[in-house]
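Asker: Coordinates only, no sequence provided:
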């Protein structure tokens, strides 16, 4: 799930910082878990069929398992300041949480009532510290994340009236603009082929931003089956993944909020794209293709920077990635990564340069286990590289 872009992270190359940490570990020097070099920007993702939570560095390297969540995780958000991450579990209809480094045990944050089945999408409001979520029967709620909040434990509902039939209507995408007052909620409607907006606190003020019947200034078929949404408030764009268009397959597009009909193509040729997040600071989008089992990074012109192909599970089942979340190291509290769990995973990362030379890296990574006493164990990673033109 896409979270609103936080302040830009520290401008220190993530790859360089990661190499320093790895070198110290391999040669036996103690690495303090609270040193800034040990925390780098990451992209996290969840896979529904395997129940895995995984992550990688922003250059596509250092792919690793964080933990096995079990169940069927569907969406994901990160709270760097509280060292927490939240996800919705389609298997048991809950919203779960656990430590950002994968340590400790996962806890049930909220059980979705039986008449709503489960949460489809969750979205974190970092400004006001709310968690927004949409349910299977097309309702949208928000609840405070901080126990000190006066309304903690309450769940306030957005008063949607249009097409509010209280059954599944494909309202999967969700994001919130907190730079305006009252906040504006955007949600996608796969069944109606539409993207809606509504001010929080209103009952019948929902408006179509874009739908199947819109006549775009630049695109003849603006919306097919919109799935996931992401918001760039700095540049006033609403991004969405479209599972199906008649001519281009699955695509990513963006809507200028000041001129919704001037829809722009960002990426095309996917199989079933979803789970988008956008980083306006460096001009990149991250998303998954659930049918090809890939995590993809591209620039906003559609040029793919890398693709991580997630391997099948041991029983041969396909992972089915569903959502990604961007972690900003500059926002992480110093004690977030006091303990990490040693895990390993095998994946294929394909990076693409502007000269159309593709480099495929197949690697087995083993993470470093660091304890609070700074004792460190590690194993050497193996890396094979194939270059094609």
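Answerer: Structure's in. What do you need? Note that the structure is predicted; figures quoted are calculated from it, not measured.

Asker: how long is stretch 337-351 end to end?
Answerer: End-to-end distance for stretch 337-351, by C-alpha to C-alpha, to the nearest Å: 28 Å.

Asker: just stretch 222-237 next, same as before
Answerer: Chord length of stretch 222-237, first to last residue, is 15 Å (C-alpha to C-alpha).

Asker: Give me the buried positions along it.
Answerer: The neighbour-count check on stretch 222-237 (16 or more other C-beta atoms under 10 Å) flags 222-233, 237 as buried. The C-beta positions use only the backbone N, C-alpha and C, and glycine is treated the same way.

Asker: List just the nearest of those residues to residue 58.
Answerer: Checking those against residue 58 by C-beta to C-beta gives residue 230 as the nearest, at 16.3 Å.

Asker: Could you list every helix and strand in contact with the helix or strand harbouring that closest one?
Answerer: In this structure, residue 230 sits in strand 226-232 according to DSSP states H and E. Judged by 3 or more C-beta pairs under 8 Å, 6 or more residues apart in numbering; DSSP states H and E, the packing partners of strand 226-232 are strand 174-177, strand 184-189, strand 194-199, strand 237-245, strand 273-279.

Asker: and among the ones you listed, the most buried is which?
Answerer: Among these, ranked by average contacts under mean count of other C-beta atoms under 10 Å, first place goes to strand 273-279 (a mean of 27).

Asker: Assumed residue 115 was part of a helix.
Answerer: Yes - counting by DSSP: H, G, I helix; E, B strand; the rest coil, residue 115 is found in a helix.

Asker: Identify the residue spatially nearest to residue 269, adjacent ones excluded.
Answerer: residue 249 (6.0 Å; C-beta to C-beta, 6 or more residues apart in numbering).

Asker: The one you found: what's it in contact with?
Answerer: 268, 269, 270, 271 (C-beta atoms under 8 Å, 6 or more residues apart in numbering).

Asker: before we move on, back to that, which of the buried residues of stretch 222-237 lies closest to residue 62?
Answerer: Residue 62 lies nearest to residue 230 out of the buried residues of stretch 222-237, by C-beta to C-beta, at 23.7 Å.

Asker: I'd like the distance between residue 92 and residue 66.
Answerer: With the distance defined as C-beta to C-beta, to the nearest Å, residue 92 ends up 20 Å from residue 66.

Asker: More neighbours: which of those two?
Answerer: More crowded of residue 92 and residue 66, by other C-beta atoms under 10 Å: residue 66, with 25 against 13.

Asker: Read off the pLDDT value for that one.
Answerer: Per-residue pLDDT puts residue 66 at 95.

Asker: Name the nearest residue to it, sequence neighbours excluded.
Answerer: Distances taken as C-beta to C-beta, 6+ apart place residue 102 nearest to residue 66, at 4.1 Å, with adjacent residues excluded.

Asker: thinking again about what came up before, could you find the lowest-pLDDT member of the contacts of residue 249?
Answerer: In terms of pLDDT, residue 269 ranks lowest among those, with 87.

Asker: How about the secondary structure of that residue?
Answerer: strand.

Asker: got the contact list for it?
Answerer: By C-beta under 8 Å, 6+ apart, the contact list for residue 269 reads 248, 249, 250, 251.

Asker: out of those, which are inside strands?
Answerer: Cross-referencing the contacts of residue 269 against strands under DSSP state E gives 249, 250, 251.

Asker: before we move on, back to that, now for the contacts of residue 269: which two are most distant?
Answerer: Longest span within the contacts of residue 269, C-beta to C-beta: 248 and 250, 7.9 Å.

Asker: Report the set of residues contacting both of the two.
Answerer: Shared contacts of residue 248 and residue 250, defined by C-beta under 8 Å, 6+ apart, comprise 268, 269.

Asker: all helices of the stretch 1-150 of the chain, in order?
Answerer: Secondary structure of the stretch 1-150 of the chain (DSSP state H, counting those that start in this stretch): helices located at 14-26.

Asker: any low-confidence regions in it?
Answerer: Regions of the stretch 1-150 of the chain meeting the criterion pLDDT under 70 cover residues 1-37.

Asker: rerun at 80
Answerer: The model of the stretch 1-150 of the chain has pLDDT under 80 over residues 1-38, 114-118, 137-138.

Asker: Am I right that residue 218 is in contact with residue 263?
Answerer: Yes - here residue 218 reaches residue 263: they are 5.9 Å apart, a contact under C-beta atoms under 8 Å.

Asker: and the two? which has more neighbours close in?
Answerer: Taking other C-beta under 10 Å, residue 218 and residue 263 do not tie; residue 263 has more neighbours (22 against 11).

Asker: Excluding sequence neighbours, find me the nearest residue to residue 119.
Answerer: Excluding the flanking residues, the one nearest residue 119 by C-beta to C-beta, 6+ apart is residue 88, at 3.9 Å.

Asker: Would you agree the one you found is in contact with residue 118?
Answerer: Yes - under the criterion of C-beta under 8 Å, residue 88 is in contact with residue 118, at a separation of 6.7 Å.

Asker: in the sheet, who's paired with the nearest residue to residue 319 once chain neighbours are set aside?
Answerer: Nearest non-adjacent residue to residue 319, counting by C-beta to C-beta, 6+ apart: residue 47, 3.8 Å away. For residue 47, the beta-bridge partners are residue 321 (DSSP bridges).

Asker: And residue 47, how far from residue 276?
Answerer: 16 Å.

Asker: residue ranges for the helices of the stretch 201-350 of the chain, please.
Answerer: Under the criterion DSSP H, counting those that start in this stretch, the stretch 201-350 of the chain contains no helices.

Asker: Could you list the low-pLDDT ranges of it?
Answerer: Applying pLDDT under 80 to the stretch 201-350 of the chain picks out residues 203-206, 212-222, 245-248, 334, 338-350.

Asker: Please repeat the previous calculation with a cut-off of 90.
Answerer: Where the stretch 201-350 of the chain drops to pLDDT under 90, the residues are 201-225, 243-249, 260-262, 269, 281-282, 314, 333-350.

Asker: how about the strands in it?
Answerer: Secondary structure of the stretch 201-350 of the chain (DSSP state E, counting those that start in this stretch): strands at 207-211, 226-232, 237-245, 249-256, 264-270, 273-279, 284-289, 294-299, 304-309, 321-327, 344-352.
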